[in-house]
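Trainee: This is the structure alone, sequence omitted:
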C-alpha cells in the first residue's frame, strides 16, 4: 500500500476513516469549548446562582452540547467525508417519524416491564412520588429539563456512535476485498458498541460488568440502524429508555441519579440481576429487556417493510462504482423470488 494512502484515498477523494474519526473529535471539542468557558466564569465569579440562572445555564449547556456533537459530525462529513447530513441516518419522511414513534414506545414499554418485574420480585419499594432532589425550582421544571436533556442525549449519542462511527467504520472495512458489506457492517457494529461501552466506563458506579452490558446496549440500539439505514428507531428507544428509567421509575441512569422523578424507589435484590447503583442496564434483567427489544425491532421492521436484512448501503459509498458493483453482487446472493417491497427510506 502506498504511504500516501494513509492520508488520502484518491478514488474516494476524501481522508481515510481514521482521520475522519479524529477530526470529528477535534471539531466536537472546539464547538463545545464556549460552554466550558462560560461555566468556569460563572463558578469563579460573584454572580448569585438564582433558579432562573440555573435553569437557563442548564438549557444552554444542553443545547451547546447537542450543537457540538451534531455540528462536528456535519462538518467532518461535509468537509472530509463527502457526506451530506442526511447520509448519517436522518432522511426525514413519514416513515422516519413513524419509526421514531415506534422506538419511543418500545423504550418506554421495556423500562416499564423492568420496573414491574423488579416490583413483583420485591426488589424495588416505592418510597415517594413527585420527588425533587435539592433543586431550587418547581418539580415540573425539573422534569422538563430532564426530558430536554434525554432528548438531546438520545440524538447526539446515536448520531455519534451509530450514525457516524458505525457508518464510517463500515465503509472503511468494506474496501478490503475479502470483506463483503454485511461483514463490514457486523464488524463495525461490534467495534462502535465497544467504544459506546468504554465511553460509559467513567460514569459513577461503573464496573467492567456494566461496561460490558453497555456494549450489549449499543448492539441493541444499533439494530434499527443496521436494518433500515436510519437513526429513527435508535433515537426513539434511547430517549424514552433513559427518561422512563430515571425520571418516571426512579432508577439510576448509567450510574447517575435523576434530580426529579415521578416515582422514588429504594432498590434491593441481587445486583447481578438488578444492576444495583448503575441501573437496570448493568444487570441480567437489563440484558433480557435488550434481547427482547432487539427481537421486537426486527419483528417490527419485518412486518412494516416486508424484510429485515442488513442495510448494505451503510458500507458502500454510492459515489464509488466499484463499491456499488460489490453491493450488487452481495445483494444477488440473497435475492429471493418474493415480490418487491417498499424500502424504508427510498
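Mentor: Perfect, thanks for sending it. All of these numbers come straight from a predicted model, not from anything done at the bench.

Trainee: where along the stretch 51-200 of the chain do the helices fall?
Mentor: For the stretch 51-200 of the chain, applying DSSP state H, counting those that start in this stretch gives helices covering 51-80, 94-120, 139-157, 167-173, 181-199.

Trainee: could these be laid out in CSV, adding mean neighbour count?
Mentor: Where you see a C-beta, it was placed from the backbone N, CA and C, and this is true even at glycine. Below are the helices of the stretch 51-200 of the chain laid out as CSV (neighbours: other C-beta atoms under 10 Å):
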stretch, mean neighbour count
helix 51-80, 17
helix 94-120, 19
helix 139-157, 19
helix 167-173, 25
helix 181-199, 20
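
Trainee: How about the contacts made by residue 30?
Mentor: Applying C-beta atoms under 8 Å, 6 or more residues apart in numbering to residue 30 gives the contacts residue 72.

Trainee: again with residue 110
Mentor: 237, 241, 289-290, 292-293.

Trainee: Can you lay out those as a markdown table showing neighbour count, distance to residue 128 and pLDDT?
Mentor: A markdown table is the format used below for the contacts of residue 110 (neighbours: other C-beta atoms under 10 Å; distance: C-beta to C-beta, whole Å; pLDDT from 0 to 100):
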| residue | neighbour count | distance to residue 128 | pLDDT |
| --- | --- | --- | --- |
| 237 | 29 | 28 | 98 |
| 241 | 31 | 23 | 98 |
| 289 | 23 | 25 | 97 |
| 290 | 23 | 29 | 98 |
| 292 | 15 | 30 | 98 |
| 293 | 23 | 29 | 98 |
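
Trainee: Adding distance to residue 253, write these out as a markdown table.
Mentor: Formatted as a markdown table, the contacts of residue 110 follow (distance: C-beta to C-beta, whole Å):
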| residue | distance to residue 253 |
| --- | --- |
| 237 | 14 |
| 241 | 9 |
| 289 | 14 |
| 290 | 15 |
| 292 | 20 |
| 293 | 17 |
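
Trainee: Identify, from those, the entry nearest to residue 318.
Mentor: Using C-beta to C-beta, residue 237 is the member of the contacts of residue 110 that sits closest to residue 318, with 27.4 Å.

Trainee: which residues does residue 177 contact?
Mentor: Listed by C-beta under 8 Å, 6+ apart, residue 177 has no contact partners.

Trainee: Give me the domain ranges for this structure.
Mentor: According to automatic domain parsing, the chain comprises the domains 1-83, 91-333.

Trainee: Mean pLDDT lowest where, among those?
Mentor: Mean pLDDT is lowest for domain 1-83 among the domains of the chain, at a mean of 83.

Trainee: doesn't residue 100 make contact with residue 235?
Mentor: Yes - proximity of residue 235 to residue 100 meets the contact threshold set by C-beta atoms under 8 Å, at 6.3 Å.

Trainee: mind listing what residue 205 touches?
Mentor: Residues in contact with residue 205, defined by C-beta under 8 Å, 6+ apart, are 252, 255, 276-278.

Trainee: Over to it: give its phi and psi.
Mentor: Main-chain dihedrals, residue 205, degrees, to the nearest 10: phi 60, psi 20.

Trainee: Mind jotting down where the strands sit in the chain?
Mentor: Assigned by DSSP state E, the strands in the chain fall at 124-132, 260-267.

Trainee: if we look at the longest one, which residues are touching it?
Mentor: What it means is strand 124-132. 115, 118-119, 138-139, 142, 250, 259-269.

Trainee: Compute the inter-axis angle for it and strand 260-267.
Mentor: Relative orientation of strand 124-132 and strand 260-267, computed by axes from the mean of the first three to the mean of the last three C-alpha atoms, to 10 degrees: 150 degrees.

Trainee: what lines up beside strand 124-132 in the sheet?
Mentor: Looking at strand 124-132 with DSSP bridges, its partner strands are strand 260-267 (antiparallel).

Trainee: residues of the strand it pairs with that come out buried?
Mentor: Judged by neighbour count (16 or more other C-beta atoms under 10 Å), strand 260-267 contains these buried residues: 260-265, 267.

Trainee: Same check on stretch 275-289?
Mentor: Neighbour-count burial for stretch 275-289 flags 275-283, 285-289 (criterion: 16+ other C-beta under 10 Å).

Trainee: of those residues, closest to residue 56?
Mentor: Among those, residue 279 lies closest to residue 56 (C-beta to C-beta), at 28.8 Å.

Trainee: give me every residue that touches the nearest residue to the closest one once chain neighbours are set aside.
Mentor: Among residues not flanking residue 279 along the chain, residue 252 sits closest, at 4.2 Å (C-beta to C-beta, 6 or more residues apart in numbering). Applying C-beta under 8 Å, 6+ apart to residue 252 gives the contacts 205, 246, 277-279.

Trainee: would TSV of these with distance to residue 87 be doable?
Mentor: Shown next, in TSV, are the contacts of residue 252 (distance: C-beta to C-beta, whole Å):
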residue	distance to residue 87
205	37
246	32
277	39
278	34
279	33
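
Trainee: Pick out whichever of the residues you listed sits closest to residue 59.
Mentor: Nearest to residue 59 out of these is residue 246 (C-beta to C-beta; 18.2 Å).

Trainee: Near the closest one, how many residues? Count them for me, please.
Mentor: 24 (other C-beta atoms under 10 Å).
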